[in-house]
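Trainee: Could you look at this predicted model? Sequence included:
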Amino acid sequence: MFDCVFCKIIKKEIPADVVYEDENFLGFLDITPINPGHILLVPKEHHENLYDMPDALLAKIAPLIKKLAIAVKKGVNAEGINIGMNNERPAGQLVFHAHFHIMPRFSNDGFRHWRGAPYKKGESSEVASKIKKFLT
Ligand code: 5GP
Ligand code: ZN
């Protein structure tokens, strides 16, 4: 895909610190890690985001995420791992080639989780129904 930075990394047109490669996927260090060892795992085929990724590819990536998470944890002595994926601009996606973030975490690294807010009375069942309509 023209002008896609991750396609260029996959084609070795621009350098990256690759930690994992097979016929379908590439894992490499994020250039601006939240902590050292932060990895991006990408399909070699260009898919824009999660919705575009074929189920067969997603089935293959789940065990890989686990494998890389354990390697990152051991490799940088992380105390925990966050897995993340930003889909679409409002969710923070900046590179429109699907990718999973595998992020090492430490007790005192200063990162906080998003703040949640409780539902109003009766709201949660309404929201659950709206979602369930698309799951039947
Ligand atoms: P997004 O916000 O789309 O989920 O995250 C994109 C990620 O790609 C960012 O964390 C950013 O640091 C990383 N990134 C962007 N350009 C490059 C690059 O050229 N090389 C590497 N290794 N990572 C990149
Ligand atoms: Zn791409």
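Mentor: Structure received. Ligands and ions are numbered 1, 2, ... in the order given.

Trainee: going forward, measure contacts between C-alpha atoms and count neighbours the same way
Mentor: Will do.

Trainee: and the spatially most central residue of the chain, what does it touch?
Mentor: In the chain, the centroid-proximal residue (C-alpha atoms, centre = their mean) is Phe100; its distance is 1.8 Å. Each residue near Phe100 by C-alpha atoms under 8 Å, 6 or more residues apart in numbering is listed here: Leu40, Leu41, Val42, Ile83, Gly84, Met85, Asn86.

Trainee: how much space between it and Asn24?
Mentor: 14 Å (C-alpha to C-alpha, to the nearest Å).

Trainee: okay, Phe100: pLDDT?
Mentor: Predicted confidence (pLDDT) for Phe100: 98.

Trainee: Mind listing the residues bridging to it?
Mentor: The partner list for Phe100 in beta bridges (DSSP bridges) reads Leu41.

Trainee: Phi, psi for Asp22 please.
Mentor: The phi/psi pair for Asp22 (degrees, to the nearest 10) reads phi -140, psi -170.

Trainee: Measure how buried it is and give me the count.
Mentor: Residues lying near Asp22 (other C-alpha atoms under 10 Å) number 9.

Trainee: what's the answer for Ile39, then?
Mentor: Applying other C-alpha under 10 Å, we find 29 residues neighbouring Ile39.

Trainee: residues in contact with the residue lying closest to it once chain neighbours are set aside?
Mentor: Counting by C-alpha to C-alpha, 6 or more residues apart in numbering, Leu29 is the residue found nearest to Ile39 once chain neighbours are left out, at 4.5 Å. By C-alpha under 8 Å, 6+ apart, the contact set of Leu29 is Ala16, Asp17, Val18, Val19, Gly37, His38, Ile39, Leu40.

Trainee: in the protein, which spans are helices?
Mentor: 5-10, 55-75, 123-132 (DSSP state H).

Trainee: okay if I get the contacts of Phe100 as TSV plus neighbour count, pLDDT and distance to ligand 1?
Mentor: Shown next, in TSV, are the contacts of Phe100 (neighbours: other C-alpha atoms under 10 Å; pLDDT from 0 to 100; distance: C-alpha to the nearest ligand atom, whole Å):
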residue	neighbour count	pLDDT	distance to ligand 1
Leu40	26	98	7
Leu41	24	98	10
Val42	23	98	10
Ile83	15	98	11
Gly84	12	98	8
Met85	16	98	6
Asn86	18	98	5
